[in-house]
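Asks: My questions are about this predicted structure, shown below with the sequence.
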Amino acid sequence: MNDRIVLDNVSRFYGEVLGVNRVTLSVPPGITSLVGPNGSGKTTLMNLITGLVRPTRGSIQVLGISPTNPEKLFRVCAYATQFDSFPRGMTGFQFVYSYLRLSGMSHDDCQRTTAFAIGRVNLGEAAHRKIAGYSKGMRQRIKLAQAIAHDPRVLVLDEPLNGLDPLVRAETIALFREFAAQGRHVIVSSHILHEVDTISDQVILLSNGYVVAEGKIHGVREEMSEHPMQVIIRCTRANVLASRVFEQDHVVEVRLHADGGGLLVKTRDADRFYRALNHLALDGVGIESVAPADDNVNSLYEYLIGGEESTR
Amino acid sequence: MNQTMPGQWFSQIALVVSLEMRKTFFSRRGLWVYLLALAPVLIWFMHSMIELNLRQERQALNAAHPVSTALLRSIQRGATIDEVVNKVGEPFAKNEFRRPNIAVAIYQYTDGDNVFAFQFRDDRLMNINERDRDTIPKDSLIFAAVFQSFYLRLAIFFGCVGVFTNLFRGEMLDKSLHFYLLTPIRREILAIGKYFAGLIATVVIFCTSTFLQLAALSLHFTGSEISEYLAGPGWGHVASYIGVTAAACLGYGSIFLAAGLLFKNPIIPAATVLVWEGMNIFLPAALKKVSVIFYLQSLSPVVAPPDAKMPAFQKLLVTAAEPVPVAWAVLGLMTLTIVVLTVAARKARKLEINYSTD
């Protein structure tokens, strides 16, 4: 279990205010997204994992290390917080360099590693400028550079894509994927659900301090039997297919597309539906494409957390 | 990263000190600490300038009305105005007035250094008031009183409040403390590093001020007076005052580092410690030792005897409560500092970031 981040019945209260409550998780390596509205407990969970706050109850282990031991934890872990403040008067280079020096690296190694980390987030030209003069996107990138500089096995990133332009956003996501592909943890909180959907290996959905779902998006979606799965089919003879599909006892609703070239099916048993669809296709219905319509984070969010807060 | 633990701790402390140094020396929030440190320098400088002016005036007056010190001191009570004038000449200032049934006259003379005021009543000398010029022993006692009652108890005290409580609390307010808390550094090491940074800053600022105060105070003495003083106890006094200043930063620094970690509002603990230090003289012997001022007074090189003219409150502030030998005072202060730093380090170990509620 030493490659996992384990939270065992963790609760954190701020006086009488609930931060998170009874959270039990075992997070495997890969990209894990924390999703939830403001105040749902995402940042508290990240602060707990990195020891910036301590649990009122329960215990936490990050790759077998307790967050109460920062001297050990931050040799394998890094956290880019959402706090947009930096030590006064520092340049981007000094910010990363100082962090590495405090980690115990020699001056020469720090110089080299800092330049490499800053290069990875494409901030080389601005490295020797004061952070106070950086744009929001540049500040996000320098935080990321600091986080990745010492090559951590666990990368915790609070809203890391905020303020990044599309190109940098794509590069940053590629960086997360590269880390995850090496068997590391990348824990990301985000409000941007379509991005979470594309980058996450697993999601943790939080609401009001509770974990309402966790795991791979598809797996979580399948467990939600009270919400029928929606499938979009583009085909020829959509009306014929609609009548055949509706004969299946697990199909609860079928809607024809306005152009007559497809339909939306709601089914309580996706596996049986896909098997049945294979038979129908063999019967001469020209199926162009089949795609799940709500097997994504956006739908999970909508179903599990509801309209507590609009999301992008 | 192959350093041994103590080696790594020392290098981490050195790094924290170097990172903190600019903040502690040049923070806008700390500007008033410089003012606090420089205020007494300015006061002593003005004192010296006034004394120099007075001396020049007296010497000019003496040139216009020449008279020697010996002659002025030979005048006895009971002499008449004419006898005095015949002996020492016309005064540089004469003030005559009548009170009911009494004719009062005040004649002032100077030998260039001191001013003698002869007070006559009905033509008879009743009173001789000799206002001596400042001497090093005299100013040394005044300096000791101001050093103990103002500089140690207020200037250094509040300077340390400003510098040391800000080491953690200031970064909480700036929301930048997480920079350190996310590094692989023991929180105790961080607390010690920050303490040393604060200590270096306050020692440099306040010891420089102490030296400048002594220099400013000596401006109105002649070169020969200063040489004589330095050849005697002078350098010892200078070193002791600077040492006591550093010791005050050491002791108060540890207390206010701990206060910055333990309390959200440092004003409350600062006020409590101020009262505690102030009432030190009334405390039982065992409790007296739980204060910084007790040891600092024992270390002060010149004991300022409470002057009859001193306000009662100031008398209390300069009165040392059963001073202990220097070695005991140093040991006691070090012990107190280490105990308080241990408490601070333990608190730092459990430090949490919760900017929103700070």
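Replies: Received it, and whenever you're ready, just let me know what you need.
Asks: so who does residue A:210 touch?
Replies: Residue A:210 sits next to A:20-23, A:41 when contact means CB atoms under 8 Å, 6 or more residues apart in numbering or on different chains. Placement of C-beta: from N, CA and C, glycine included.
Asks: Select from those the one having the most neighbours.
Replies: residue A:20 (27 neighbours; other CB atoms under 10 Å in any protein chain shown).
Asks: So what pairs up with it in the strands?
Replies: residue A:12 (DSSP bridges).
Asks: could you list every residue that touches it?
Replies: A:10-12, A:41, A:44-45, A:48, A:206, A:209-211.
Asks: mind running it again at 10 Å?
Replies: A:7, A:10-13, A:40-45, A:47-48, A:53, A:55-56, A:58, A:206, A:208-211 (CB atoms under 10 Å, 6 or more residues apart in numbering or on different chains).
Asks: all helices in chain A, in order from the N-terminus.
Replies: For chain A, the helices defined by DSSP state H cover A:42-49, A:70-76, A:92-102, A:107-120, A:136-149, A:166-181, A:193-199, A:217-222, A:238-246, A:270-282, A:297-304.
Asks: quick check, the fifth one touching chain B?
Replies: Yes. Using CB under 10 Å from any CB of the partner chain, a contact is recorded between helix A:136-149 and chain B, made by A:146-147.
Asks: Please name every helix or strand in contact with that helix.
Replies: Where contact means 3 or more CB pairs under 10 Å, 6 or more residues apart in numbering or on different chains; DSSP states H and E, helix A:136-149 is packed against strand A:77-80, helix A:92-102, helix A:107-120, strand A:154-158, helix A:166-181.
Asks: Now do the last one against strand A:154-158: the angle between them, please.
Replies: What that stands for is helix A:166-181. If you take axes from the mean of the first three to the mean of the last three CA atoms, to 10 degrees, helix A:166-181 sits at 150 degrees to strand A:154-158.
Asks: buried set for helix A:166-181?
Replies: Along helix A:166-181, these residues count as buried under the neighbour rule (16 or more other CB atoms under 10 Å in any protein chain shown): A:168-169, A:172-173, A:175-177, A:179-180.
Asks: between these, which is nearest residue B:172?
Replies: Residue B:172 lies nearest to residue A:172 out of the buried residues of helix A:166-181, by CB to CB, at 29.5 Å.
Asks: quick one, what contacts the closest one?
Replies: Applying CB under 10 Å, 6+ apart to residue A:172 gives the contacts A:120-122, A:140-141, A:144, A:157, A:160-161, A:164, A:188, A:199.
Asks: Put the buried members of these into a PyMOL selection.
Replies: Burial among the contacts of residue A:172 is assessed by 16+ other CB under 10 Å; the matching PyMOL selection reads:
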select buried, chain A and resi 120+121+140+141+144+157+160+161+164+188+199
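Asks: how about stretch A:241-249 as PDB, C-alpha atoms only?
Replies: Below are the C-alpha coordinates for stretch A:241-249, written out as PDB (Å, rounded to 0.1, in the frame of the first residue of the first chain):
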ATOM      1  CA  LEU A 241     -34.000   1.700 -34.700                       C
ATOM      2  CA  ALA A 242     -36.000   3.600 -32.100                       C
ATOM      3  CA  SER A 243     -38.900   1.200 -32.300                       C
ATOM      4  CA  ARG A 244     -36.600  -1.800 -32.000                       C
ATOM      5  CA  VAL A 245     -34.600  -0.300 -29.200                       C
ATOM      6  CA  PHE A 246     -37.800   0.500 -27.200                       C
ATOM      7  CA  GLU A 247     -38.700  -3.100 -27.200                       C
ATOM      8  CA  GLN A 248     -35.900  -3.800 -24.800                       C
ATOM      9  CA  ASP A 249     -37.200  -3.900 -21.200                       C
END
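Asks: Please consider this matter closed, and thank you.
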